[in-house]
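Enquirer: Starting from these lines, generate the structure:
(chains A and B, ligands or ions: 2)
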There are 2 protein chains.
Amino acid sequence: MSGGVEWALHCCVALTVARSPASAARLAEMHDVSASYLAKQLQSLARAGLVHSVQGHAGGYELTRDPALITVLDVVEAVDGARPAFTCTEVRQRGPLAAAPERCLSPCSIHAAMTAADEAWRAALRGVSIADLTRNVTVKTGPDTLRRIADWLG
Amino acid sequence: MSGGVEWALHCCVALTVARSPASAARLAEMHDVSASYLAKQLQSLARAGLVHSVQGHAGGYELTRDPALITVLDVVEAVDGARPAFTCTEVRQRGPLAAAPERCLSPCSIHAAMTAADEAWRAALRGVSIADLTRNVTVKTGPDTLRRIADWLG
Ligand code: FES
Ligand code: FES
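Expert: Ligands and ions are numbered 1, 2, ... in the order given. Just a heads-up that it's a prediction; the model follows:
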């Protein structure tokens, strides 16, 4: 998984409390990371329809919908793509004992086990929304954390 | 995930039916892959204690235990290591709004969500044994597949 996922998720949590669109530069400064690097993550989120950029003087990014309707999986897939970590190269169809193509219409048992695990991973990430993450920040580090973020982003 | 996982799992299934230790060269030939590449995967399995190599004329690799007691997760971790795909770099402790270290004794809500998903993935892979995979090969492609592998490996 790329390091961008951690930044993108932290940005989404920050955007849930921003009172107006937040610029990539301001979010980058807050997180002490390069603005161009963070802009890249925000553009991935925009391409996936999770944030949109508001143009103009007070422009910046905002979430496109209720944070309860954006899942952690949405953000992970926006940044890293939706391709499973395991790629089957049809090992079973190679060599002198190669399985006949007509016996390979469904995934082999190894591929099926990897796909099931991938789906369990995705289901777990789909079960947590950005709103859940924000709520947990409040529980964990107190409401002032989010108020400080809101004040900083303006 | 590395491509070695697919090869290593296919080798483990083949070893469940081998009548004697199988050499890396023979397994490689069967799968039409380079012997040195496959030897690398088998050495990872050996290092993790899943297979051991029998020396001598009829030497080769064999499983160290009942395939019902080797899980898919064991093989994945042997080849790719046990490190979670997500790495938390403590983004929350950076920048002007950095959380105080004493408030960061437990993982942030984002890190916790990623860890829970990683555990769901591992639990799924832990729930399938090499014996399960072999059984499913029989169900899927007929018992002759495994018999042909057994005959080939000798
Ligand atoms: S052929 Fe790809 S996992 Fe079995
Ligand atoms: S500080 Fe690493 S995920 Fe939040």
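Enquirer: quick one: residue A:89 from residue B:128, how far?
Expert: 20 Å (Cβ to Cβ, to the nearest Å). All C-beta spots, glycine's among them, are computed from the backbone N, C-alpha and C.
Enquirer: can you give me the helices for chain A?
Expert: A:4-17, A:24-31, A:35-47, A:72-80, A:109-126, A:130-141, A:143-153 (DSSP state H).
Enquirer: can those go into CSV with extra columns for mean pLDDT, mean neighbour count and distance to ligand 1?
Expert: Formatted as CSV, the helices of chain A follow (pLDDT from 0 to 100; neighbours: other Cβ atoms under 10 Å in any protein chain shown; distance: least, Cβ to the nearest ligand atom, whole Å):
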stretch, mean pLDDT, mean neighbour count, distance to ligand 1
helix A:4-17, 96, 24, 26
helix A:24-31, 94, 20, 40
helix A:35-47, 96, 18, 29
helix A:72-80, 98, 22, 22
helix A:109-126, 97, 20, 4
helix A:130-141, 87, 18, 34
helix A:143-153, 89, 16, 45
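Enquirer: Just put the ones you listed in JSON lines and tack on distance to residue B:19.
Expert: As requested, the helices of chain A are exported to JSON lines (distance: least, Cβ to Cβ, whole Å):
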{"stretch": "helix A:4-17", "distance to residue B:19": "47"}
{"stretch": "helix A:24-31", "distance to residue B:19": "60"}
{"stretch": "helix A:35-47", "distance to residue B:19": "53"}
{"stretch": "helix A:72-80", "distance to residue B:19": "44"}
{"stretch": "helix A:109-126", "distance to residue B:19": "22"}
{"stretch": "helix A:130-141", "distance to residue B:19": "54"}
{"stretch": "helix A:143-153", "distance to residue B:19": "63"}
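Enquirer: Next, the contact list for the closest residue to residue A:145 other than its chain neighbours, please.
Expert: Spatial nearest neighbour of residue A:145, excluding adjacent residues (Cβ to Cβ, 6 or more residues apart in numbering or on different chains): residue A:137 at 5.8 Å. For residue A:137, the contacting residues are A:13, A:145, A:146, B:108, B:109, by Cβ atoms under 8 Å, 6 or more residues apart in numbering or on different chains.
Enquirer: Closest to ligand 2 out of those?
Expert: residue B:108 (3.3 Å; Cβ to the nearest ligand atom).
Enquirer: Next up, the contacts around that closest one.
Expert: So residue B:108 contacts A:137, A:140, B:88, B:92 (Cβ under 8 Å, 6+ apart).
Enquirer: Near the last one, how many other residues are there?
Expert: Spelled out, it's residue B:92. As a burial measure, residue B:92 scores 25 neighbours (other Cβ atoms under 10 Å in any protein chain shown).
Enquirer: what's the closest residue to it other than its chain neighbours in contact with, if anything?
Expert: Residue nearest to residue B:92 in three dimensions, not counting chain neighbours: residue B:99, with 4.7 Å by Cβ to Cβ, 6+ apart. Neighbour list for residue B:99: A:141, A:145, B:92, B:93 [criterion: Cβ under 8 Å, 6+ apart].
Enquirer: which non-adjacent residue is nearest the closest residue to ligand 2 within chain A?
Expert: The minimum distance from chain A to ligand 2, using Cβ to the nearest ligand atom, falls at residue A:6 (4.8 Å). Nearest residue to residue A:6, sequence neighbours excluded (Cβ to Cβ, 6+ apart): residue B:91, at 5.4 Å.
Enquirer: Tell me how far residue A:127 lies from residue A:117.
Expert: Going from residue A:127 to residue A:117 by Cβ to Cβ gives 16 Å.
Enquirer: so what pLDDT did residue A:84 get?
Expert: Looking at residue A:84, its pLDDT stands at 95.
Enquirer: how close does the closest residue to it other than its chain neighbours get to residue A:111?
Expert: Once flanking residues are discounted, residue A:84 sits nearest to residue A:118: 4.4 Å by Cβ to Cβ, 6+ apart. Residue A:118 sits 10 Å away from residue A:111, going by Cβ to Cβ.
Enquirer: Between these two, which contacts overlap?
Expert: By Cβ under 8 Å, 6+ apart, the residues touching both residue A:118 and residue A:111 are residue A:86.
Enquirer: Report the contact partners of the residue in chain A sticking out farthest from the centre.
Expert: Of all residues in chain A, residue A:96 sits farthest from the chain's C-alpha centroid, using Cα atoms, centre = their mean; the distance is 43.2 Å. Residue A:96 makes contacts with B:29, B:30, B:32, B:152, as judged by Cβ under 8 Å, 6+ apart.
Enquirer: Since that was my last question, I'll sign off now.
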